[in-house]
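Colleague: Okay, sequence plus prediction incoming.
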Amino acid sequence: QVRLVESGGGLVQAGGSLTLSCTASGGTFSSSVMGWFRHVLGKEREFLAAVRWSDRTTSYAESVKGRFTISGNNAMNTVVLRMDSLRPEDTADYYCALGPGGARIGQRLSDYDYWGRGTQVNVYR
């Protein structure tokens, strides 16, 4: 059974940084994509960033490009999302996701098969 567990959420002042981590277990993920989404109540879950393990290619949403950085460990089971220059509008529940690798790194919810339970990020002024 594949399981994703996020950690690292919390409260941070605007302009600050926060690092989220997600570890996958229950399988081998070298041909997969792992990424991050976030959700604000009343809005759709939003893609943020992902990494394709086979070649370490990354993909970012325009809204976070230049502020967020995704990376992965050598074991290809943990992704880290470094978030800099945080803004109050970054406040959300952040979710880790895992899906099959392919030519395109998916940015849709349907591109991912497994999800973590989420971790909350609150950015205050």
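Modeller: Ah, there it is. Numbering: from 1, shown residues only.
Colleague: Pull the contacting residues for the nearest residue to His39 once chain neighbours are set aside.
Modeller: Counting by CB to CB, 6 or more residues apart in numbering, His39 lies nearest to Arg45, which is 4.4 Å off, once chain neighbours are set aside. Any C-beta I mention is one placed from the backbone N, CA and C, and that applies to glycine too. Applying CB atoms under 8 Å, 6 or more residues apart in numbering to Arg45 gives the contacts Phe37, Arg38, His39, Tyr95, Leu109.
Colleague: Check Gly118 too.
Modeller: Gly118 makes contact with Glu6, His39, Asp93, Tyr94, Tyr95, according to CB under 8 Å, 6+ apart.
Colleague: likewise Gly35?
Modeller: Neighbouring residues of Gly35 by CB under 8 Å, 6+ apart: 47-51, 59, 70, 79, 96-99, 105, 112.
Colleague: Please tell me how far it sits from Leu20.
Modeller: Gly35 sits 12 Å away from Leu20, taking CB to CB, to the nearest Å as the criterion.
Colleague: Restricted to strands, list the contacts of Gly35.
Modeller: Among these, the members falling in strands are Phe47, Leu48, Ala49, Ala50, Val51, Ser59, Ile70, Val79, Cys96, Ala97, Leu98, Gly99 (criterion: DSSP state E).
Colleague: Tell me the one of those residues nearest Ser25?
Modeller: Each of the ones in strands among the contacts of Gly35 was checked against Ser25 using CB to CB; the closest is Leu98, at 10.6 Å.
Colleague: Double-check that closest one against Tyr112; I have them as touching.
Modeller: Yes. The pair Leu98 and Tyr112 qualifies as a contact (CB atoms under 8 Å) at a distance of 6.3 Å.
Colleague: Could I get the full set of strands for the protein?
Modeller: Shown for the chain, the strands assigned by DSSP E span residues 3-7, 10-13, 18-25, 32-39, 46-52, 57-60, 68-72, 78-83, 92-100, 114-115, 119-124.
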